[in-house]
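*Asks:* Sequence plus the predicted model coming up.
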Amino acid sequence: MPVQPSPGRPSSVPAPAAPRPSALAPPAVPPFVPLANPVRDYAWGSTTAIPALTGTPPTGAPQAELWMGAHPSAPSLLDTGRGPRPLDRLIADAPAELLGPDTVRRFGPRLPFLFKVLAADRALSLQVHPTRAQAEAGWDAEESRGVPADAPERVFKDRDHKPELICALGDFEALCGFRPAGATAALFDRLAVPPLAPWAAALRDRPAAEVLPALLRHVLADARPGPADLAAVTAALHRTAAEGGPFAEACAGYARAAGDYPGDPGLIAALLLNHVRLRAGEALALDAGVPHAYLRGVGVELMANSDNVLRCGLTAKHIDVDGLLAVTAFRTGEPPVLTAHAPEGNGAATGDRTATGIGIGIGIEEQFPSPAAEFRLSMLRPTAAPARIDLADAPQILLCTAGRARLRTPAGHALDLPRGRSAYLRPGTDPVHLTGPGAELFRATVGD
């Protein structure tokens, strides 16, 4: 149908066309919006833990991770009035509104963190994450060689680092960082398996930073242990666990990992790492270069929004031994177990119960030390008295892990968060009030 001229407009100039729906500005996003979150079905996952948290029926298949965020491979969905849309696309359409100008300035137009619930019934692969400089160099090298993004041998999926923080929701078992060399030598002596004896002597006589990379290369590439040697090590682990003593609990964990991945030479690499058991509310921070694996349990995990992993055992996936040794930090020592504490400078404010400088209700927030600028994790325990959350200039995700919480604005916008549900809080000027006696929430936001 031809365009009709408007009164007083020359017929040679068409009237402006009505804007297409796709060209319309994105709708104004409420201060908080519930999230619909994808579940990743990795083989090591629990069949029951995430369904129990979210109140959904088990499918019978492993449900390993519940992702809350804007990672392009599995973004959360938000409904801002036009039906559910992926969070990464909403952010691409309106980064300043969804992230805040300061977050965009610091990290670009993307959510800098990824928030997860992790539920492990089997051991995850032993792994290490690169620094940002290592990730940039690795990405550029694989791009220049034309390695396809979905190739099994592709290591670097992006150009960013991946620091992590995991907080246990119950009993949680992990391997983290290289054990002090003398203690590993003593463990090898206790196991009394001949292939380990020369390495026990080396760990006593030479620097750990020299022995550990040689040992990893030996078992992962040069002289991979055969089925008989691995069976002997596994039997020794079961024996040592049953005998009791200082290595009993660790050996029980290593033995379970050996059962999860029978015949995997990464078992020897696992023996080099500290065995850590966390209780509910305790956390581990994993920085670049630190080898680690989660063995059993449920926790909330917060990390930089990256997918760069170099594996070093307990896996059927590709292991780039040279790349692994290049990014691994061969430091020894016991990893610190973290607990949350009230932020410094917490002080009362007039009117609503607030905390000075952090924008959360007084007495209801405890923060974990953050290993990275991209994220910060807090635990919230609201009460019946409204606690004020100032939205400030950073995005936030709230996850309720116990009880039921309620969010409300002075304008009357409200949202209930029962156990297992989460919400995205955009930056803004309107305060949000949080209540929920008996509830427990975790808050993910951008670090300082």
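*Replies:* On my side now, so go ahead.
*Asks:* pLDDT at residue 149, what is it?
*Replies:* For residue 149, the pLDDT comes out at 87.
*Asks:* Identify the residue spatially nearest to it, adjacent ones excluded.
*Replies:* residue 157 (7.1 Å; CB to CB, 6 or more residues apart in numbering). In short, each C-beta sits where N, CA and C put it, glycine included.
*Asks:* Spell out the secondary structure type for the one you found.
*Replies:* coil (DSSP: H, G, I helix; E, B strand; the rest coil).
*Asks:* Dihedrals phi and psi, residue 67?
*Replies:* phi -100, psi 130 (degrees, to the nearest 10).
*Asks:* which residues pair with it across the strands?
*Replies:* Counting by DSSP bridges, residue 67 is bridged to residue 116.
*Asks:* show me what contacts it?
*Replies:* By CB atoms under 8 Å, 6 or more residues apart in numbering, residue 67 lies in contact with 37, 38, 39, 40, 74, 75, 76, 114, 115, 116.
*Asks:* wait, residue 34 sits on residue 418?
*Replies:* No. With contacts counted by CB atoms under 8 Å, residue 34 stays clear of residue 418, the gap being 10.6 Å.
*Asks:* returning to that earlier point: next one, pLDDT for the residue nearest to residue 149 please.
*Replies:* 87.
*Asks:* Please apply the same query to residue 28.
*Replies:* The model's pLDDT for residue 28 equals 70.
*Asks:* Name the SS class of it, please.
*Replies:* coil.
*Asks:* Output the longest strand along the chain as PDB, restricted to C-alpha atoms.
*Replies:* In the chain, with assignment by DSSP state E, the single longest strand is strand 292-304. Extracted in PDB, the C-alpha atoms of strand 292-304 (Å, rounded to 0.1, in the frame of the first residue of the first chain):
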ATOM      1  CA  HIS A 292      41.400 -28.300  42.700                       C
ATOM      2  CA  ALA A 293      38.500 -30.700  42.400                       C
ATOM      3  CA  TYR A 294      35.200 -31.000  44.200                       C
ATOM      4  CA  LEU A 295      34.400 -34.500  45.400                       C
ATOM      5  CA  ARG A 296      31.000 -34.500  47.100                       C
ATOM      6  CA  GLY A 297      28.400 -32.100  48.300                       C
ATOM      7  CA  VAL A 298      26.200 -29.100  47.500                       C
ATOM      8  CA  GLY A 299      27.400 -25.500  47.500                       C
ATOM      9  CA  VAL A 300      26.800 -22.100  46.000                       C
ATOM     10  CA  GLU A 301      29.600 -21.100  43.700                       C
ATOM     11  CA  LEU A 302      30.400 -17.600  42.400                       C
ATOM     12  CA  MET A 303      33.000 -17.000  39.700                       C
ATOM     13  CA  ALA A 304      34.100 -14.600  37.000                       C
END
